[in-house]
Structures are given as structure tokens and as C-alpha cells.
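Enquirer: got a predicted structure here, sequence first:
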Amino acid sequence: MDVYGLIGNPVEHSLSPPMHEAGYDELGLDARYVTFEPPVDEAPEAVAAAQTLGVSGLNVTIPFKQAVLEAVQPDDLAARIGAVNTIDLTGQAPTGHNTDAIGAVRALQNHDVTLAGSAVVVGAGGAGRAVAFGLADEGLTVSIANRTVETAHDLAADVPGASGHSLDELGALLADADVLVNATSVGMDEDRSPVPADALHDGLAVLDAVYSPLETRLLRDAAAAGAKTVDGAWMLLYQGVEAFERWTGRDAPVEAMNETLRRAL
């Protein structure tokens, strides 16, 4: 049996176990997905212990995405983002990857969004970093808007062709934008949006990384403006799909994983 898992602290509310196990069951794979909750200062030790136990792969969540970098060989994208959320333990040395970036890209592509032109990413934290790199690698010109403008400038300096801005500039940035991604937690379990409703328009595709609730204030405002909307569960799904396919070498049963994920939300 192949064993995969998740390290984080806390992990009890993670939706990854049912989503991944639905994929294993659909393909008839002899595999299981478990969770590990090591102390917050023992990420490298947790990776080493998992490898010793014969675990084949790990997902990584808060607060370990940066801390595990010292325990793995990151690929180019994970090194540029500065965070790892997927580890392959099948080689001599653990390798680290970041599937959050491709999760956002595949979520948009799944909704027939053409990834060209310009994108606005709201938020310059971990999710914002991953999304900004993912969209820039697809060829979009990325503008990063953040509450602390200095953090937006710092991230923009790392992302090819990107620029950093304050939230006050969202109206001007969105006027000609093609894609908008909210990579903040604003809207999570609250009826607030990080983007003024009057800045939205029908030429936008809007992805909200928040998935609780699925229909956020931002997505309601975007739909009312005629924009194409993509809820955060799609990004969550596709980052998991990318990890699944990396570990198993099989095409993920996306429909089965998506159905299970949405039932669990």
C-alpha cells in the first residue's frame, strides 16, 4: 500500500484526505492518505520521519510551507515562490514542489478563461505569491495590490514583469484587466469583499481563493457586473489534483475528487 499524507498544525479540518482518497478509490489504487500534526518547530524532522516510515508523498500546509524548504530539494517554481506545499519522498532525497500556482491556473483554464493580457492579484502573502508567479509564467502582466504596499512592491520585484500597488489603486488597475484573483482571506466566513463592486466589469474573469463560503461577496458582485466567476474550491481541487498526478503518475479522476470535495465543504 502507498501512503500519502498532510503535515500541518492544525490539520483536523483539512479537506485533503477525503478528496485524495476519493481519487484512489475511483482508480482502484491501493493507497491511503493520512494526516500528521508535528510541533510547529519540527517541520524538517517531520519530513525525515515520514520518509523513514515509507510515506511516498506529503502535502504541506500552514505553518510549514516555508520551514520544509530546508528539508527538501525545491524545484525551480517552489524556490522562486519560497514555499513548498507538495513533497515527493520516493527518491533518494525529498523534492519540494508548489502546486498552489498551477491550482489557480488550472481552475481558470477549467472555466475557459483565456490566460492572456493583464491580471490583478489582491494579496501578497503565501497564496498571492504562488498565484502571481503562476499567472506570470503563463505570460500575463501581473499587478499586485496589497494592504501594505511595501509588501506588494517586494513581491513584484521577484515576479517577472510585475508591479506593486496599494488597494486604493484597484479601480484604475481593474479598468483594463482581464483576470482578477483574490488571494487574501477577506470574505472567509464573512460578508465582505476586498474589491470595490464598482471596479468590476463584464470583461473580467474573477477567481476568489476563499472557499468558505463558496459564494463570497466578491463573486456575487462580480456576477452582477457580468464577470465570469470561479469559486475557491476549484483552486483547492486543482492544487490537489496536481499533487495526486505527481505522486501516482496517473491522470486524476477530477470529477470524483471534485464531487467529494464539494460534499465535504
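Expert: Thanks, I have it. Residues are numbered from 1 along each chain as shown.
Enquirer: ranges for the strands of this structure?
Expert: Counting by DSSP state E, the chain has strands at residues 2-7, 31-36, 57-60, 73-74, 86-88, 95-97, 118-122, 141-146, 163-166, 179-182, 205-208, 228-230.
Enquirer: could you dump those strands into CSV and include mean neighbour count, distance to Tyr24 and mean pLDDT?
Expert: Where C-beta positions appear, they are placed from N, C-alpha and C, glycine not excepted. Formatted as CSV, the strands of the chain follow (neighbours: other CB atoms under 10 Å; distance: least, CB to CB, whole Å; pLDDT from 0 to 100):
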stretch, mean neighbour count, distance to Tyr24, mean pLDDT
strand 2-7, 22, 8, 97
strand 31-36, 18, 4, 97
strand 57-60, 28, 12, 97
strand 73-74, 18, 26, 98
strand 86-88, 25, 16, 98
strand 95-97, 23, 20, 98
strand 118-122, 27, 33, 98
strand 141-146, 24, 36, 98
strand 163-166, 18, 42, 98
strand 179-182, 27, 30, 98
strand 205-208, 27, 28, 98
strand 228-230, 20, 26, 98
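Enquirer: will you turn these into TSV that also has distance to Ala43?
Expert: Below are the strands of the chain laid out as TSV (distance: least, CB to CB, whole Å):
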stretch	distance to Ala43
strand 2-7	7
strand 31-36	10
strand 57-60	8
strand 73-74	14
strand 86-88	11
strand 95-97	11
strand 118-122	27
strand 141-146	26
strand 163-166	29
strand 179-182	27
strand 205-208	29
strand 228-230	31
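Enquirer: averaged pLDDT, stretch 46-54. What do you get?
Expert: On average, the pLDDT along stretch 46-54 is 95.
Enquirer: what separates Gln109 from Leu140, distance-wise?
Expert: From Gln109 across to Leu140, the span is 13 Å (CB to CB, to the nearest Å).
Enquirer: so for Thr216, what's the pLDDT?
Expert: With respect to pLDDT, Thr216 has a value of 98.
Enquirer: the strands of the chain: which one's closest to Leu265?
Expert: Of all those, strand 205-208 sits nearest to Leu265, with 13.9 Å by CB to CB.
Enquirer: contacts for the closest one next, please.
Expert: Here strand 205-208 makes contact (CB atoms under 8 Å, 6 or more residues apart in numbering) with 104, 107-108, 111, 113, 178-182, 187, 200, 216, 218-219, 222, 227-232, 234-235.
Enquirer: only whichever of these are buried, select them in ChimeraX.
Expert: In ChimeraX, a selection of the buried entries from those looks like this (16 or more other CB atoms under 10 Å):
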select :104,107,108,113,178,179,180,181,182,187,200,216,218,219,222,227,228,229,230,231,232,234,235
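Enquirer: looking at the contacts of strand 205-208, which are in helices?
Expert: Secondary structure from DSSP state H places Ala104, Ala107, Leu108, Leu218, Leu219, Ala222, Gly232, Trp234, Met235 of those in helices.
Enquirer: and the closest residue to Asp231 other than its chain neighbours, backbone torsions?
Expert: In space, and not counting its chain neighbours, Asp231 is closest to Leu214: 4.7 Å by CB to CB, 6 or more residues apart in numbering. For Leu214, the backbone dihedrals (degrees, to the nearest 10) come out as phi -70, psi -40.
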